[in-house]
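In: Here is my input; please provide its structure:
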Amino acid sequence: MTSLEQRLARVEAVQEIQNVMGRYSYWHTANMHRECLDLFALKTPGVRAEMMWGVYEGAESLERLYPGFHAWVDGDAKGVMHMHTLTTPVIEVADDLRTAKATWISPGHETMSFSAAGEKTPEAFWAWCKYGCDFVVEDGQWKIWHLHVYG
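Out: Below is the predicted model:
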């Protein structure tokens with residue numbers, strides 16, 4: 001049996017983790033990629049993001065992804081939109097209250113251009129994915145430790 005304090009801390013952790021991913025979803029949609037980077041545990045060994053096109057491990061590598069790659073894809077952001085909502089959260093906080101695992105289904109859509117040069121006519125498409133994440137407490141705050149985007 002866990003103490004009431006431990007149970008309350010676990011409930012608070014779940015809410016804080018939900019807010020971290022909510023910020024990620026909101027900021028990613030708003031092209032606020034620098035802010036997305038700040039949600040990661042950049043001081044914790046093994047921090048990484050796995051996308052459909054590659055794995056970014058370590059603070060420098062994540063910098064190339066947020067804001068590097070995402071800002072490059074967005075260009076001047078004219079006609080670009082990506083919405084990745086969060087549904088069906090499952091968040092499990094470890095007994096030590098220092099790490100957690102979580103998953104979300106993310107129904108969404110994107111609009112972007114796939115032209116390398118010349119006319120850049122945006123194309124729209126559904127972009128549903130699933131997020132699988134590990135979280136860790138860094139400097140007293142819950143941060144994303146491992147982010148895996150399953151296409």
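In: Tell me which residue is most central in this protein.
Out: When CA atoms, centre = their mean is applied to the chain, the residue found nearest the centroid is residue 24 (5.0 Å).
In: where's that one, which helix or strand?
Out: With secondary structure defined by DSSP states H and E, residue 24 is part of helix 4-29.
In: returning to what we had before: next, the contact list for the residue nearest to the centre of the chain, please.
Out: Listed by CB atoms under 8 Å, 6 or more residues apart in numbering, the contact partners of residue 24 are 36, 39, 144. Glycine gets a C-beta too; all of them are placed from N, C-alpha and C.
In: Serialize these to CSV and add fields for secondary structure and neighbour count.
Out: CSV is the format used below for the contacts of residue 24 (DSSP: H, G, I helix; E, B strand; the rest coil; neighbours: other CB atoms under 10 Å):
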residue, secondary structure, neighbour count
36, helix, 24
39, coil, 20
144, strand, 27
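In: Quick check: can you name the pairing partners of the host helix or strand of residue 125 and their directions?
Out: Using DSSP H and E, the secondary-structure element containing residue 125 is strand 123-126. For strand 123-126, sheet partners with direction are given as strand 108-112 (antiparallel), following DSSP bridges.
In: starting at the chain centroid, how far to the strand it pairs with?
Out: How far strand 108-112 lies from its chain's middle: 16 Å, per CA atoms, centre = their mean, to the nearest Å.
In: need the next SSE after the helix or strand bottoming out on mean pLDDT in the chain, C-terminal direction.
Out: Comparing helices and strands within the chain by mean pLDDT, DSSP states H and E singles out helix 70-74 as the least confident, with a mean of 59. Reading on from helix 70-74 to the C-terminus, the next helix or strand found by DSSP H and E is strand 81-84.
In: Can you list the helices and strands that that next one packs against?
Out: Contact here means 3 or more CB pairs under 8 Å, 6 or more residues apart in numbering; DSSP states H and E; on that basis strand 81-84 packs against helix 4-29, strand 108-112.
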